[in-house]
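Using only what follows, build the 3D model:
(one chain, ligands or ions: 1)
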Amino acid sequence: MPLPLGHTAIGLALYEGVSKRSVFEDWKTPLAAALLANLPDIDVFLGLLWAWNGSAFHRGPTHSLLFALVAALLYARAAALWKGLPRIGFKTALLLVASHVAADAALSSAGVSWFWPFAVFFSQGSTGWGEVTRMALKSNPIDATLGFAAFLVLALRRGLLLLRAARAPVLPRENVRR
Ligand SMILES: [Zn+2]
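Numbering: from 1, shown residues only. Below you'll find the predicted structure:
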């Protein structure tokens, strides 16, 4: 199953793919994109705090389409109201949160709750604080592969942008706005 590093790699590459601007144009955007791509796993912390078991609610409501829609809507509204937050629109935020659920579903055998509240698949077992910390810090081959793939996507896009900028005609000073 992808861990934080894997979800972050997918999120950053996805942002680069769908957005007109690069995710690395400022320092806040990659943080916000990583946060949205990892947001569904907030259920691990809720489980740890509530029942001392990270698996108690894992892959339940927060791993659903409904959660992705609500989270994306809330983020887009908050970013429109509060200028301190990076501007990530509803559609991009939705893709980032949903990418988490899609990656969990595709890369592990256990189910996710896409259609909660109509269907729910909680993960099994018991996971304490120590185990959650170990899992979050440790990297597995899938995460390393996803990280490398994301790096290639980012490097390729950066290269293409630089190439386009190099080919663009230089405009006279007074025609350049902003
Ligand atoms: Zn997850």
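
CA only for contacts and neighbour counts going forward, please
OK.

This protein: helices as residue ranges?
Taking DSSP state H as the test, the helices found in the chain are 4-18, 28-38, 42-51, 65-81, 90-107, 129-137, 141-167.

contacting residues around the residue nearest the centre of the chain?
With distances taken as CA atoms, centre = their mean, residue 37 lies nearest the centre of the chain, 1.5 Å away. Contacts for residue 37 (CA atoms under 8 Å, 6 or more residues apart in numbering) come out as 7-8, 10-11, 96-100.

Filter those residues down to the buried ones.
7-8, 10-11, 96-100 (16 or more other CA atoms under 10 Å).

okay, residue 176: pLDDT?
Model confidence at residue 176, given as pLDDT, is 55.

related to what we said a few turns ago, which of the contacts of residue 37 sit farthest apart?
Within the contacts of residue 37, 8 and 98 form the most distant pair, 12.6 Å apart (CA to CA).

if we can go back for a sec, would you reformat the buried ones among the contacts of residue 37 as JSON lines and include distance to residue 82 and pLDDT?
Converted to JSON lines, those look like this (distance: CA to CA, whole Å; pLDDT from 0 to 100):
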{"residue": "7", "distance to residue 82": "26", "pLDDT": "94"}
{"residue": "8", "distance to residue 82": "24", "pLDDT": "93"}
{"residue": "10", "distance to residue 82": "26", "pLDDT": "93"}
{"residue": "11", "distance to residue 82": "22", "pLDDT": "95"}
{"residue": "96", "distance to residue 82": "20", "pLDDT": "97"}
{"residue": "97", "distance to residue 82": "20", "pLDDT": "98"}
{"residue": "98", "distance to residue 82": "24", "pLDDT": "97"}
{"residue": "99", "distance to residue 82": "25", "pLDDT": "96"}
{"residue": "100", "distance to residue 82": "25", "pLDDT": "96"}
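
And those residues, which is closest to residue 150?
Among the buried ones among the contacts of residue 37, and counting by CA to CA, the member closest to residue 150 is residue 10, at 6.3 Å.

Run through the residues that contact the residue nearest to the closest one when sequence neighbours are not counted.
Residue nearest to residue 10 in three dimensions, not counting chain neighbours: residue 150, with 6.3 Å by CA to CA, 6 or more residues apart in numbering. Residues near residue 150 by CA under 8 Å, 6+ apart: 9-10, 12-13.
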